[in-house]
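# Got a predicted structure plus its sequence, pasted below:
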Amino acid sequence: MHPGETNASWIVHGIIKFLLSKDKVADALRKRVIFKIIPMINADGVTIGNTRCSFIGRDVNRLFGNPN
C-alpha cells in the first residue's frame, strides 16, 4: 500500500520547499545528506485531484503491461 499521489504530492512539495529554504536546519541537512527525490508517475492526474487516474480518467498504474 502507498499513499495516493495527491497526498504525497503535497508532502513532497513541502519537503522540497523546506530543503530549499534559508532555514538553519535545512542548511545543515543539505550539507550532510544527499536527497534523492523521485517524481511521481501521475502528475497530470494530481493536478485535478485524482489519486489513481490520469487527466483522461485512465488508471496509469494498470497500463504498464499494455501502455497503448
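Sure, I can see it. Only a predicted model underlies this, so the values are computations on that prediction, with no experimental measurement involved.
# which regions of this structure lie under the pLDDT threshold?
1-6, 40-47, 49, 51-52, 60-61, 63-68 (pLDDT under 70).
# In this protein, where's the longest helix?
Taking DSSP state H as the criterion, the chain has its longest helix at helix 5-19.
# So which residues of the protein form helices?
So, for the chain - with DSSP H - the helices run 5-19, 24-32, 43-47.
# I'd like the distance between G14 and G57.
28 Å (Cβ to Cβ, to the nearest Å). C-betas here are computed from N, CA, C, even on glycine.
# Provide the count of other residues in contact range of F55.
Other residues near F55 come to 14 when the count uses other Cβ atoms under 10 Å.
# And N50, by the same measure?
19.
# With I15 instead?
13.
# Which residue comes closest to it once chain neighbours are left out?
I37 (7.6 Å; Cβ to Cβ, 6 or more residues apart in numbering).
# Roughly how far does that neighbour sit from R58?
25 Å.
# Then I34?
Distance from I34 to R58, by Cβ to Cβ: 35 Å.
# Then V25?
Following Cβ to Cβ, the distance that separates V25 from R58 is 41 Å.
# ok, the two, which is more surrounded?
Neighbours per residue, other Cβ under 10 Å: of V25 and R58, the larger number sits with R58, 14 against 10.
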